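> The following comprises the amino acid sequence and a computationally predicted model.
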Amino acid sequence: MNILIMGPAGAGKGTMSERIVKEYDIPHISTGDMLRENVRNGTELGKEAKSYMDAGKLVPDGVINAMVEKRLLEPDCQKGYLLDGFPRTLVQAEAFGEIANKIGKPVECVIALEVGFDILVDRITGRRICPNCGAIYHIKGHPSKVEGICDECGGELQQRKDDTVEKLRQRMDEYENSTKPVIDYFDKLGVVERIDAGKPAAEVFEDVKKALSKVA
Ligand code: AMP
(Lines give C-alpha, C1' and ligand atoms only; values in the text may rest on other atoms or scores of the structure.)
Protein backbone atom coordinates (compact mmCIF):
# COMPACT_ATOMS: atom_id res chain seq x y z
CA MET A 1 0.00 0.00 0.00
CA ASN A 2 1.33 3.45 -0.97
CA ILE A 3 0.12 6.08 1.49
CA LEU A 4 0.79 9.69 2.40
CA ILE A 5 -0.31 11.12 5.74
CA MET A 6 -0.70 14.87 6.05
CA GLY A 7 -1.88 17.29 8.71
CA PRO A 8 -0.64 20.21 10.80
CA ALA A 9 1.78 19.75 13.70
CA GLY A 10 -0.06 17.93 16.49
CA ALA A 11 -2.72 16.42 14.23
CA GLY A 12 -1.51 12.94 15.21
CA LYS A 13 0.54 11.99 12.13
CA GLY A 14 3.12 10.19 14.30
CA THR A 15 0.55 8.33 16.40
CA MET A 16 -1.55 7.24 13.39
CA SER A 17 1.60 6.29 11.48
CA GLU A 18 2.73 3.94 14.28
CA ARG A 19 -0.63 2.15 14.00
CA ILE A 20 -0.81 2.12 10.20
CA VAL A 21 2.63 0.55 9.70
CA LYS A 22 1.82 -2.18 12.25
CA GLU A 23 -1.47 -2.95 10.52
CA TYR A 24 -0.23 -2.87 6.91
CA ASP A 25 3.44 -3.89 7.32
CA ILE A 26 4.98 -1.06 5.31
CA PRO A 27 7.94 1.19 6.18
CA HIS A 28 7.19 4.47 7.98
CA ILE A 29 9.13 7.30 6.37
CA SER A 30 8.90 10.50 8.41
CA THR A 31 10.94 13.37 7.01
CA GLY A 32 10.76 15.10 10.44
CA ASP A 33 12.23 11.99 12.16
CA MET A 34 14.91 11.60 9.46
CA LEU A 35 15.91 15.24 9.85
CA ARG A 36 15.99 15.02 13.67
CA GLU A 37 18.21 11.94 13.42
CA ASN A 38 20.59 13.84 11.14
CA VAL A 39 20.65 16.77 13.61
CA ARG A 40 21.40 14.36 16.50
CA ASN A 41 24.20 12.71 14.55
CA GLY A 42 25.67 16.07 13.48
CA THR A 43 25.66 15.23 9.73
CA GLU A 44 26.09 17.94 7.07
CA LEU A 45 22.40 17.59 6.25
CA GLY A 46 21.54 17.95 9.94
CA LYS A 47 23.65 21.10 10.27
CA GLU A 48 21.93 22.63 7.27
CA ALA A 49 18.43 21.71 8.46
CA LYS A 50 18.72 22.63 12.15
CA SER A 51 18.17 26.40 11.99
CA TYR A 52 15.06 25.99 9.83
CA MET A 53 13.64 23.34 12.13
CA ASP A 54 14.30 25.29 15.33
CA ALA A 55 12.47 28.25 13.81
CA GLY A 56 9.49 26.10 12.72
CA LYS A 57 10.29 26.85 9.07
CA LEU A 58 10.44 24.43 6.17
CA VAL A 59 13.82 22.98 5.19
CA PRO A 60 14.63 23.80 1.52
CA ASP A 61 12.96 21.54 -1.05
CA GLY A 62 16.19 20.35 -2.72
CA VAL A 63 17.54 18.90 0.54
CA ILE A 64 14.27 17.14 1.35
CA ASN A 65 13.64 15.76 -2.14
CA ALA A 66 17.12 14.20 -2.35
CA MET A 67 16.73 12.67 1.12
CA VAL A 68 13.32 11.13 0.30
CA GLU A 69 14.39 9.86 -3.12
CA LYS A 70 17.33 8.00 -1.58
CA ARG A 71 15.02 6.46 1.04
CA LEU A 72 12.31 5.40 -1.44
CA LEU A 73 14.89 3.64 -3.59
CA GLU A 74 15.70 1.28 -0.71
CA PRO A 75 14.35 -2.25 -1.26
CA ASP A 76 11.86 -2.29 1.64
CA CYS A 77 9.75 0.31 -0.20
CA GLN A 78 8.86 -2.31 -2.80
CA LYS A 79 6.23 -3.39 -0.22
CA GLY A 80 4.83 0.15 -0.34
CA TYR A 81 5.36 3.08 2.00
CA LEU A 82 3.78 5.43 4.48
CA LEU A 83 5.21 8.90 3.92
CA ASP A 84 4.66 11.18 6.90
CA GLY A 85 5.30 14.91 6.60
CA PHE A 86 6.21 14.82 2.90
CA PRO A 87 5.44 16.35 0.42
CA ARG A 88 4.84 19.68 2.16
CA THR A 89 5.19 22.04 -0.83
CA LEU A 90 4.04 21.89 -4.44
CA VAL A 91 7.68 21.58 -5.57
CA GLN A 92 8.03 18.53 -3.31
CA ALA A 93 4.72 17.12 -4.59
CA GLU A 94 5.93 17.27 -8.17
CA ALA A 95 9.31 15.75 -7.30
CA PHE A 96 7.48 13.04 -5.35
CA GLY A 97 5.31 12.21 -8.38
CA GLU A 98 8.43 11.59 -10.45
CA ILE A 99 10.12 9.44 -7.79
CA ALA A 100 6.95 7.41 -7.20
CA ASN A 101 6.64 6.71 -10.93
CA LYS A 102 10.32 5.79 -11.12
CA ILE A 103 9.85 3.07 -8.48
CA GLY A 104 6.45 2.07 -9.92
CA LYS A 105 4.60 2.97 -6.71
CA PRO A 106 2.22 5.87 -7.29
CA VAL A 107 0.32 7.08 -4.23
CA GLU A 108 -3.01 5.33 -3.62
CA CYS A 109 -4.34 7.29 -0.66
CA VAL A 110 -3.60 10.61 1.02
CA ILE A 111 -4.85 10.68 4.61
CA ALA A 112 -5.49 14.35 5.51
CA LEU A 113 -5.88 14.76 9.28
CA GLU A 114 -7.95 17.82 10.23
CA VAL A 115 -7.91 19.41 13.72
CA GLY A 116 -8.78 22.86 15.18
CA PHE A 117 -6.06 25.17 16.57
CA ASP A 118 -7.04 24.92 20.28
CA ILE A 119 -6.77 21.15 20.29
CA LEU A 120 -3.40 21.39 18.52
CA VAL A 121 -2.05 23.78 21.19
CA ASP A 122 -3.00 21.33 23.94
CA ARG A 123 -1.46 18.37 22.12
CA ILE A 124 1.74 20.13 21.13
CA THR A 125 2.58 21.70 24.48
CA GLY A 126 1.87 18.43 26.34
CA ARG A 127 3.74 16.19 23.91
CA ARG A 128 6.84 14.35 25.12
CA ILE A 129 8.95 12.08 22.96
CA CYS A 130 11.56 9.45 23.62
CA PRO A 131 14.74 10.34 21.72
CA ASN A 132 15.89 6.68 21.82
CA CYS A 133 12.93 4.77 20.41
CA GLY A 134 10.62 7.51 19.12
CA ALA A 135 7.67 6.63 21.42
CA ILE A 136 5.22 9.50 21.81
CA TYR A 137 3.49 10.50 25.08
CA HIS A 138 1.24 13.29 26.32
CA ILE A 139 1.47 14.58 29.91
CA LYS A 140 -2.34 14.39 30.32
CA GLY A 141 -3.74 12.19 27.54
CA HIS A 142 -1.09 9.45 27.44
CA PRO A 143 1.43 9.84 30.29
CA SER A 144 4.34 7.45 30.78
CA LYS A 145 4.07 5.20 33.86
CA VAL A 146 7.04 6.92 35.52
CA GLU A 147 7.12 10.66 34.87
CA GLY A 148 9.80 11.61 32.34
CA ILE A 149 10.84 8.00 31.56
CA CYS A 150 9.90 6.02 28.45
CA ASP A 151 7.79 2.91 29.16
CA GLU A 152 9.25 1.09 26.15
CA CYS A 153 13.01 1.56 26.59
CA GLY A 154 13.65 3.57 29.78
CA GLY A 155 14.91 6.59 27.78
CA GLU A 156 14.60 10.09 29.23
CA LEU A 157 11.58 11.82 27.68
CA GLN A 158 12.07 15.21 26.06
CA GLN A 159 9.99 18.06 24.75
CA ARG A 160 10.75 18.98 21.15
CA LYS A 161 12.31 22.43 20.77
CA ASP A 162 9.63 23.39 18.25
CA ASP A 163 6.73 22.23 20.47
CA THR A 164 5.82 25.68 21.82
CA VAL A 165 2.74 27.81 21.10
CA GLU A 166 4.84 30.41 19.30
CA LYS A 167 6.51 27.84 17.04
CA LEU A 168 3.16 26.12 16.50
CA ARG A 169 1.77 29.40 15.09
CA GLN A 170 4.75 29.59 12.74
CA ARG A 171 4.29 25.95 11.68
CA MET A 172 0.53 26.51 11.17
CA ASP A 173 1.29 29.48 8.88
CA GLU A 174 3.71 27.30 6.91
CA TYR A 175 1.03 24.64 6.73
CA GLU A 176 -1.67 27.03 5.47
CA ASN A 177 0.61 28.67 2.91
CA SER A 178 2.68 25.76 1.63
CA THR A 179 1.00 22.47 2.51
CA LYS A 180 -2.74 23.13 2.04
CA PRO A 181 -2.12 23.66 -1.70
CA VAL A 182 -0.50 20.19 -1.76
CA ILE A 183 -3.73 18.65 -0.45
CA ASP A 184 -5.63 20.50 -3.19
CA TYR A 185 -3.12 19.10 -5.71
CA PHE A 186 -3.81 15.52 -4.58
CA ASP A 187 -7.54 16.25 -4.40
CA LYS A 188 -7.47 16.76 -8.16
CA LEU A 189 -6.04 13.23 -8.46
CA GLY A 190 -9.01 11.97 -6.41
CA VAL A 191 -6.91 10.25 -3.72
CA VAL A 192 -7.55 12.42 -0.63
CA GLU A 193 -9.43 11.09 2.41
CA ARG A 194 -10.20 13.82 4.98
CA ILE A 195 -10.38 12.59 8.57
CA ASP A 196 -11.63 14.43 11.67
CA ALA A 197 -8.57 13.95 13.91
CA GLY A 198 -9.82 15.96 16.90
CA LYS A 199 -11.24 12.75 18.43
CA PRO A 200 -9.46 10.15 20.62
CA ALA A 201 -6.73 8.24 18.76
CA ALA A 202 -8.60 4.89 18.74
CA GLU A 203 -11.61 6.47 16.99
CA VAL A 204 -9.44 8.33 14.51
CA PHE A 205 -7.65 5.10 13.65
CA GLU A 206 -10.97 3.35 12.95
CA ASP A 207 -11.77 6.13 10.43
CA VAL A 208 -8.28 5.83 8.92
CA LYS A 209 -8.73 2.06 8.44
CA LYS A 210 -12.12 2.65 6.82
CA ALA A 211 -10.54 5.13 4.42
CA LEU A 212 -7.66 2.77 3.58
CA SER A 213 -9.99 -0.19 3.06
CA LYS A 214 -11.25 1.58 -0.04
CA VAL A 215 -7.87 1.08 -1.73
CA ALA A 216 -6.57 -2.08 0.01
P1 AMP B 1 7.55 17.24 11.72
O2 AMP B 1 8.16 16.28 12.69
O3 AMP B 1 6.94 16.57 10.54
O4 AMP B 1 6.62 18.22 12.38
O5 AMP B 1 8.77 18.12 11.12
C6 AMP B 1 9.57 18.92 11.97
C7 AMP B 1 10.30 19.97 11.16
O8 AMP B 1 11.15 19.33 10.19
C9 AMP B 1 9.41 20.90 10.34
O10 AMP B 1 8.91 21.99 11.11
C11 AMP B 1 10.37 21.35 9.25
O12 AMP B 1 11.31 22.30 9.74
C13 AMP B 1 11.15 20.06 8.97
N14 AMP B 1 10.51 19.23 7.92
C15 AMP B 1 9.98 17.99 8.05
N16 AMP B 1 9.49 17.54 6.88
C17 AMP B 1 9.72 18.52 5.98
C18 AMP B 1 9.43 18.67 4.59
N19 AMP B 1 8.79 17.73 3.90
N20 AMP B 1 9.82 19.83 3.99
C21 AMP B 1 10.46 20.79 4.67
N22 AMP B 1 10.75 20.73 5.97
C23 AMP B 1 10.39 19.60 6.64
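Structure received.

> Which of the helices and strands in the chain ranks last by mean pLDDT?
helix 165-174 (a mean of 90; mean pLDDT, DSSP states H and E).

> name the helices or strands packed onto that one?
Helices and strands touching helix 165-174, by 3 or more CB pairs under 8 Å, 6 or more residues apart in numbering; DSSP states H and E, are helix 117-126. Glycine gets a C-beta too; all of them are placed from N, C-alpha and C.

> Please enumerate the helices of the protein.
Remark: helices assigned in the chain by DSSP state H are 13-24, 31-41, 44-54, 61-72, 90-102, 117-126, 165-174, 180-188, 201-213.

> Which one of those helices lies nearest to Gly80?
helix 13-24 (7.3 Å; CB to CB).

> got a list of contacts for that closest one?
Under the contact criterion CB atoms under 8 Å, 6 or more residues apart in numbering, helix 13-24 has outside partners 1, 3, 5-7, 26-28, 30, 80, 82, 84-85, 111, 113, 134, 136, 197, 201, 204-205, 208-209, 212, 216.

> can you pull the pLDDT of the residue of the chain positioned farthest from its centre?
In the chain, the greatest distance from the average C-alpha position (CA atoms, centre = their mean) is reached by Val146, at 26.7 Å. Note on Val146: pLDDT of 97.

> how close does it get to the ligand?
25 Å (CB to the nearest ligand atom, to the nearest Å).

> Repeat that for Glu176.
Separation of Glu176 from the ligand (CB to the nearest ligand atom): 14 Å.

> got it, and Val91?
10 Å.

> Contacts only, for that residue.
By CB under 8 Å, 6+ apart, Val91 lies in contact with Asp61, Asn65.

> can you tell me how far Ile183 sits from the ligand?
Distance from Ile183 to the ligand, by CB to the nearest ligand atom: 14 Å.

> So that residue is in contact with Val110, correct?
Yes. Using CB atoms under 8 Å as the test, Ile183 is close enough to Val110 to be in contact (7.1 Å).

> Mutual contacts of the two, please.
With contacts defined as CB under 8 Å, 6+ apart, the residues shared by Ile183 and Val110 are Met6, Val192.

> Looking at those two, which has the bigger crowd around it?
Per other CB atoms under 10 Å, whichever of Ile183 and Val110 has more neighbours is Val110, with 23 against 18.
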